[in-house]
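Asker: Got a sequence here, can you model it:
(chains A and B)
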Amino acid sequence: MANDGRILPLVLREVGFRAGGRTILAGISATIEAGPATIILGANGAGKSVLMRLMHGLLAPTTGEVSWNGLSSEAARRRQAMVFQRPVLLRRSALANVTYALALAGVAAAGREALALEALREVGLAGVAHRPARVLSGGEQQRLALARAWALHPEVLFLDEPTANLDPGATREIETVIRAFDAAGTKIIMSTHNLAQARRLGDEVLYLHEGRLAERAPVEEFFRRPASAEAAAFLKGELPWA
Amino acid sequence: MREIAEAAREAAALVAGADPALAGIVVLSLQVSLSAVCAATLVALPLGALLAVGRFPGRRALIVLLNAFMGLPPVVVGLLVYLVLSRAGPLGELGLLFTPGAMVIAQTLLVLPIIAALCRQAVEDAWREYAEQLRSLGASDARAALTLVWDTRFSLVTAVLAGLGRALSEVGAVLIVGGNIDGVTRVMTTAIALETSKGDLALALALGFILIALVTLLNAAAQVVKEAAERRYG
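Answerer: Purely as a prediction, here's the structure:
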């Protein structure tokens, strides 16, 4: 495929993943375009996390292929960032956690601190820049993980259930930052359990059921009239009042 | 029983009076063992971390070997270093045999596997938690290894102390390559062995007290630093 300097669209062709004799994902084909925020929905064990790791290149598919507009997996990953369910922070200051990521991204030492401080301001953590990262609260730690991603100006941001362990207040703050990424033109690909959050942040839904892509639809349509029986059953189970 | 009490009294007097011969032995012990642990640490931490993070053929065999070498008999290490440093040996030209330098070399080889194996374990545990994030950020294996050494630094203090305890307390290796020469290569453990065989229980016992006190003190200090740092950095 001709490379026009962008990493999207991301194309998945018949992607499958097996581990320990178990099929986690099978026959996933999809083209993910720049623009709309993509939400990956599905029950526990549906394969959401594994799918995001395959896209991000942390896992290699056992069948099929993942292609980033003709770029190698390594080159593409350098222009993406991922925020995990449990933030992994280094035993150093909040600021140093961000400058570390900038150093790995090849940013010259002289410019790192200013970029890192700007990213911390963006997520509202400028005041704790010099505090050790691991003694911050859970919500602050996740915002720091987002600041680390922000500093890298990724073209694509993966979020694996970023608010699953957080209270409603911290969740709101995280969602504000995710919207800022979206507004800045970063493509959001996020998995979540939280249907209300999927509606708030998402433009389109990929619905996974037992390792297969059961449905793909714009978010409003998905919640109003799910096309697949699996998605309908899932929504009914999750929203018993609807 | 009376003999022990008497020896203990004499030992206390020697320590209290800061007997110069005694002080010389203690200082040399510390010099040799601390040098050996420093040298071993410089090699062992990167080695342990790379074994934890890297994936290369022979890695598992190397880990088994390293774990086995944690229990190397000091006399065997002493014998090997003796053969290498003896006049006819490959490094005989250096004239190191029966000098503190030879003792440092022997103790370095003795404690290197201990520090490296403990480091590998600590870093491997951390790697399980950090791997995806560091790979997502684009860290190479070598970079990840260094990052993990720094992030597990509080646990690694314990690994280094285990090495120091081993170095200070071993007698076989320093006896063979040092020769227990009075005022030159006599350290606490070799002196204890000699004085006991000569029947001078007071000096042997005094040295024994100091040895145990030193090791306890070092561990206590490290524990305090470690706890304070953990509270600070989480």
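Asker: could you say what helices and strands the helix or strand hosting residue A:118 packs with?
Answerer: When elements are assigned from DSSP states H and E, residue A:118 belongs to helix A:109-122. With contacts defined as 3 or more C-beta pairs under 8 Å, 6 or more residues apart in numbering or on different chains; DSSP states H and E, the packing partners of helix A:109-122 are helix A:94-104, helix A:138-151. For glycine as for every other residue, the C-beta is placed from the backbone atoms N, C-alpha and C.
Asker: contacting residues around the first one?
Answerer: By that I understand helix A:94-104. Residues lying outside helix A:94-104 but in contact with it, judged by C-beta atoms under 8 Å, 6 or more residues apart in numbering or on different chains, are A:89-90, A:92, A:109, A:111-113, A:115-117, A:119-120, A:125, A:128-133, A:136, A:144, A:147-149, A:151-152, B:137-139, B:143, B:147.
Asker: So residue B:188 sits against residue B:25, correct?
Answerer: Yes - counting by C-beta atoms under 8 Å, residue B:188 sits close enough to residue B:25 to count as a contact (5.8 Å).
Asker: Could you check the helix holding residue A:118 and say which residues are buried?
Answerer: Judged by neighbour count using 16 or more other C-beta atoms under 10 Å in any protein chain shown, the buried positions of helix A:109-122 are A:112, A:115, A:116, A:117, A:119, A:120, A:122.
Asker: before we move on, what about stretch B:140-150?
Answerer: Residues of stretch B:140-150 classed as buried: B:141, B:143, B:144, B:145, B:146, B:147, B:148, B:149 (neighbour count, 16+ other C-beta under 10 Å).
Asker: just stretch A:185-192 next, same as before
Answerer: Judged by neighbour count using 16+ other C-beta under 10 Å, the buried positions of stretch A:185-192 are A:186, A:187, A:188, A:189, A:190, A:191, A:192.
Asker: Tabulate these (CSV), appending distance to chain B, pLDDT and secondary structure.
Answerer: Conversion of these to CSV gives the following (distance: C-beta to the nearest C-beta, whole Å; pLDDT from 0 to 100; DSSP: H, G, I helix; E, B strand; the rest coil):
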residue, distance to chain B, pLDDT, secondary structure
A:186, 15, 95, coil
A:187, 16, 96, strand
A:188, 16, 96, strand
A:189, 13, 97, strand
A:190, 15, 96, strand
A:191, 14, 96, strand
A:192, 19, 90, coil
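Asker: and the longest helix for chain B?
Answerer: Across chain B, the longest stretch assigned as helix under DSSP state H is helix B:100-136.
Asker: Show me what that helix is packed against.
Answerer: Contact analysis of helix B:100-136 by 3+ C-beta pairs under 8 Å, 6+ apart lists strand A:80-83, helix B:20-53, helix B:59-69, helix B:74-85, helix B:141-151, helix B:153-169, helix B:172-178 as its packing neighbours.
Asker: So, low pLDDT: which residues of the chain?
Answerer: By default, I'm working from chain A. Judged against pLDDT under 70, the low-scoring parts of chain A cover residues A:1-4, A:239-242.
Asker: I was thinking of chain B, sorry if that wasn't clear
Answerer: B:1.
Asker: Just want the residue of it that's nearest chain A.
Answerer: Scanning chain B for proximity to chain A using C-beta to the nearest C-beta identifies residue B:234 as nearest, at 3.0 Å.
Asker: Would you check how far apart the residue lying closest to that residue once chain neighbours are set aside and residue B:154 are?
Answerer: With C-beta to C-beta, 6 or more residues apart in numbering or on different chains as the criterion, residue B:234 has its nearest non-adjacent residue at 3.0 Å, and that residue is residue A:134. For residue A:134, the distance to residue B:154 under the criterion C-beta to C-beta, to the nearest Å works out to 12 Å.
Asker: Kindly report the same for residue A:197.
Answerer: When C-beta to C-beta is the yardstick, residue A:197 and residue B:154 sit 37 Å from each other.
Asker: For the nearest residue to residue B:105 once chain neighbours are set aside, give its distance to residue B:90.
Answerer: With sequence-adjacent residues excluded and distances taken as C-beta to C-beta, 6+ apart, residue B:105 is closest to residue B:81, at 5.7 Å. Plainly put, residue B:81 is 11 Å away from residue B:90 if you go by C-beta to C-beta.
Asker: what about the residue of chain B closest to chain A, how many neighbours?
Answerer: 14 (other C-beta atoms under 10 Å in any protein chain shown).
Asker: about what we covered before: which one of residue B:81 and residue B:90 has more residues nearby?
Answerer: The residue with more neighbours, out of residue B:81 and residue B:90 and counting by other C-beta under 10 Å, is residue B:81; that gives 25 against 10.
Asker: returning to what we had before: isn't the residue of chain B closest to chain A right up against residue A:137?
Answerer: No - shown here, residue B:234 and residue A:137 do not form a contact pair, counting by C-beta under 8 Å, at 11.4 Å.
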